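Colleague: I need the structure of the sequence given here:
(chains A and B)
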Amino acid sequence: MGKNQLSIKSIVAIGIGAALFFVLGRFVAIPSPIPNTTINIQYAILGLFGVIFGPVVGVLAGLIGHILIDLSWGSPWWSWIIASAVYGLIIGFSSKYVKVEEGSFGKKEIIGFNVCQIIGHAAAWIVVAPVLDILIYSEPVNKVFAQGAFAAISNIVSTAIVGTILLAAYAKTRTGAGSLKKED
Amino acid sequence: MAAILSYIERESVIHKLTGTTKLIFFIFWSIAAMVTYDTRVLIVMFFTGCLLFYVSRLKWTEIRFALIFMFVLMAINMVGIFLFSPEQGVEIYQTRHVLIHLFWRYTVTIEQLFYMFNFMMKYMAVIPVALLFILATNPSEFAASLAGIGVNYRIAYAVAIALRYIPDVQKDFREISQAQQARGIDLSKKDSFMDRMKNSSAILFPLVLASLHRIEVISNAMELRGFGKMKKRTWIVGRKLSARDYIALVMAVMTVVFSMVVTFYDGSRFYNPFL
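Modeller: Alright, predicted model coming up:
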């Protein structure tokens, strides 16, 4: 197998990640304090997959999952699909700094994960999605940025709470490097 | 649980096309609709799409809920556009024909109505073809068709895995969520917002662990069967293109060319009837 090829584990992680993203995004609606809006819990899971498996899995799971969600409703809205993929990519880069696989999830990792997810959501919903909406659909500038800002804030909050809790719980299930000690 | 669009078996020309053809057709159609803002092109595309839908022998009643959903989405979008930017149409078409002045900065202009009509058509023009792609493509053919358009087969396989495991993940989710509900964990409005977020983690965490376990099992099984040893792979449902596929592909290319030519020959994306 070539070096640049995806490993089998990554392929499966993309598939299962996309399936999770789809199920949570399509069927799970958690009401938010603002009337008639729901919290997108799938981005917390996508964040977790990005941290565990890296940027390639993040970008592809986000892309495939979001395309499947849109297709199941009838018609794709490409600008927001691409934004999901961008978020998956950026959160995936945090896997370099947040070594959750090794069982450590302290203050440093919490901050690292949350900084990455905030950058990721901001880039996706305040830059990519609105700019593409303007380019493709010529939507009014103030409308798309208002929409994007709202999406960014609600996704950042849900990922910060749910994503952090999940990662902390996950880290506890991993055995840390050097966790064995010689008896005195 | 909300109904969901999926494959419907039917005897029709559209169903007989290979998945690859339908995928390319859908992608080209989307590109054409994304690039153009020309009213004439969009209307032609919409009616051609409807005609193809008719040919496929699928029934409108089978997709009623999807249409209602898309209609609501579109209506919300329209209201949003008008609230945020009632002069967007004037800006684009450079003229201003006032119909009625409502209040404050809100004036209904013909340009705004025309712009919103175009915006709607841009979305509508893709709907029939997108629906055809979803309803008339056998999901097990989907991965083969992705590989058919030159996507790396590993990625095509990832898509196949996603489609295969969506029902399983859904079942996992339902079971875990019911088990947690039995323990008094609730996601509805009866709990406070912060509690809801914490409760959702109580459901998601077992789901994540189950999924990670599943990844382990599947990737071991694939490893054992020598997945990825060869540069290429074959697909059980892969089919060769036939004459009718080539006709459909030529039609897809012609749509893009037609859309580009009509859109750009006067130097602007927009068709402007006001000048």
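
Colleague: looking at the stretch 51-200 of chain B, which residue is nearest chain A?
Modeller: Here the residue of the stretch 51-200 of chain B nearest chain A is B:Ile161; by Cβ to the nearest Cβ that distance is 2.6 Å. Quick note: C-beta positions are derived from backbone N, CA and C, even for glycine.

Colleague: so that residue makes contact with A:Gly17?
Modeller: No - contact criterion Cβ atoms under 8 Å: B:Ile161 and A:Gly17 do not qualify, at 9.7 Å.

Colleague: between the two, which one's more packed in?
Modeller: Applying other Cβ atoms under 10 Å in any protein chain shown to B:Ile161 and A:Gly17 shows that A:Gly17 carries more neighbours, namely 32 against 26.

Colleague: now do the residue of the stretch 51-200 of chain B closest to chain A against B:Met45, distance only.
Modeller: B:Ile161 sits 34 Å away from B:Met45, going by Cβ to Cβ, to the nearest Å.

Colleague: what of A:Ser95?
Modeller: Relative to B:Met45, A:Ser95 is positioned 42 Å away (Cβ to Cβ).

Colleague: which one of these two has more residues nearby?
Modeller: Per other Cβ under 10 Å, whichever of A:Ser95 and B:Met45 has more neighbours is B:Met45, with 25 against 22.

Colleague: which SSE is the closest residue to B:Pro139 other than its chain neighbours in?
Modeller: Here the nearest residue to B:Pro139 in space, its sequence neighbours aside, is B:Leu163; by Cβ to Cβ, 6 or more residues apart in numbering or on different chains that works out to 5.0 Å. For B:Leu163, the enclosing helix or strand under DSSP states H and E is helix B:153-182.

Colleague: next: A:Ala129.
Modeller: Residue-wise, A:Ala129 maps onto helix A:129-137 under DSSP H and E.

Colleague: contact partners of that helix?
Modeller: A:78-80, A:82-83, A:139, A:141, A:144-145, A:147-148, A:151, B:34, B:119, B:122 (Cβ atoms under 8 Å, 6 or more residues apart in numbering or on different chains).

Colleague: and those, which are buried?
Modeller: Applying 16 or more other Cβ atoms under 10 Å in any protein chain shown to those, the neighbour count classes A:78-80, A:82-83, A:139, A:144-145, A:147-148, A:151, B:34, B:119, B:122 as buried.

Colleague: of those, closest to B:Ile176?
Modeller: Top of the list for closeness to B:Ile176, among those and by Cβ to Cβ, is A:Ala151 at 27.1 Å.

Colleague: so which residue of chain A comes closest to chain B?
Modeller: A:Gly15 (2.6 Å).

Colleague: what's the burial count for B:Ala160?
Modeller: The number of residues packed around B:Ala160, counting by other Cβ under 10 Å, is 21.

Colleague: please tell me the pLDDT value assigned to it.
Modeller: What the model reports as pLDDT for B:Ala160 is 89.

Colleague: didn't it look like it was pressed against B:Glu141?
Modeller: No - with contacts counted by Cβ under 8 Å, B:Ala160 stays clear of B:Glu141, the gap being 10.0 Å.

Colleague: who's in contact with residue 44?
Modeller: All of this refers to chain A. When contacts are counted by Cβ under 8 Å, 6+ apart, A:Ala44 touches A:Ser158, A:Thr159, A:Ile161, A:Val162, A:Gly163, A:Leu166, B:Leu204.

Colleague: that's the wrong chain, I meant chain B
Modeller: For B:Val44, the contact set (Cβ under 8 Å, 6+ apart) comprises B:Phe258.
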